[in-house]
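K.L.:
Show me the folded form of this:
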Amino acid sequence: MVLSLRYKATTSIPVEVEGITPNAVRNLSISEIEHLEAFQGNQKTSLAEFFDVSGDPTDGEMIWEGDLHGVHWIGAKMTDGKIVVEGNAGRHIGSEMTGGEIIVNGDAGDWVGGEMHGGFIHVHGRAGHLIGAAYRGSARGMTGGTILIDGAVGNEIGHTMRRGLLAVGGDAGDLAGFNMLAGSILVFGSAGIRHGAGMKRGTIGFFGEEAPPLLPTFRHACRYCPDVLSLIFGKLRSRGFPLPAAVDTMIDLYNGDLIEGGRGEIFMRVL
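P.N.:
Alright, predicted model coming up:
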């Protein structure tokens, strides 16, 4: 029986559970887990104030249950194991994680996988802004791993991203891949404006029904069908990611941002 944490609070004050991960609780008793530190706003308290804890922590799997939209930092800095969220999740889920797997059967807030270094996150609903992004003042965002968001997302996904794969099944806001250093961002819905601004390397792909406007510092290179996309799409399908039926098609390749050397790539589906 996996470890279950059922949310029982009704407070509107945010609750933070940073550090409560499968690897951190594997050798603890239920009583010890209940007394782990949590925060309600700026007040230090215990996990048992907000969650009913039951099950077995030794197998490395945790289930967080309930409407957790006000519970933040779930799975932050996890190194291995698996977390399943049955409901909506708050901000910073999987931030700075280095390994393991997080599945959210609902929506998630901002900063999903913020500065993550490895592992796998799959949100089966929507998510907020700054997915896989660098925290303000940091030199790098996501440096490894995979983030899949089935629904729509907000602005600045992949901000200063260094490595890894970020795929969005729904619509995206503005400034995808802002200051991007490397890695891959794929968007399969509509998208806003100013994508790839300041990008140095990396790939951003847009595969929706309408091509987003590009900055004038991107130049058309060619029209072709990259072999690598078939490999990536195969990986996404194997993970249950909802790809459009007509996604395997020719793309227009644009290089930029020319003010940063022009080594970045934007793939635009040929409609």
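
K.L.:
buried set for the helix or strand of the chain with the lowest mean pLDDT?
P.N.:
Ranking every helix and strand in the chain by mean pLDDT, DSSP states H and E puts helix 227-238 at the bottom, with a mean of 93. Buried positions in helix 227-238, judged by neighbour count with 16 or more other CB atoms under 10 Å: 229, 232-233, 236. To be clear about C-beta, it is placed using only N, CA and C from the backbone, and glycine gets the same treatment.

K.L.:
who touches that helix?
P.N.:
Contact with helix 227-238 is made by 148, 165, 167, 184, 186, 205, 243, 247-248, 251, 267, as judged by CB atoms under 8 Å, 6 or more residues apart in numbering.

K.L.:
Only whichever of those residues are buried, select them in ChimeraX.
P.N.:
With 16+ other CB under 10 Å as the criterion, this ChimeraX line picks the buried residues out of these:
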select :148,165,167,184,186,205,243,247,251,267
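
K.L.:
ok, which pair from the contacts of helix 227-238 is furthest apart?
P.N.:
The largest separation in those, counting by CB to CB, is between L148 and I251 at 20.4 Å.

K.L.:
for the stretch 51-200 of the chain, what spans make up the strands?
P.N.:
Using DSSP state E, counting those that start in this stretch, the strands of the stretch 51-200 of the chain run over 51-54, 61-65, 71-72, 82-86, 101-104, 120-123, 143-149, 163-168, 184-187.

K.L.:
Taking strand 61-65 as reference, get the angle to the fourth one.
P.N.:
This points to strand 82-86. 20 degrees (axes from the mean of the first three to the mean of the last three CA atoms, to 10 degrees).

K.L.:
From the rest of the structure, what touches strand 82-86?
P.N.:
With CB under 8 Å, 6+ apart, strand 82-86 has contacts from 21-22, 60-66, 68, 74-75, 93, 100-106.

K.L.:
change it to 10 Å
P.N.:
With CB atoms under 10 Å, 6 or more residues apart in numbering as the test, strand 82-86 has contacts from 2-7, 20-22, 59-66, 68, 71, 74-75, 89, 93-94, 97, 100-108, 120-121, 123-124.
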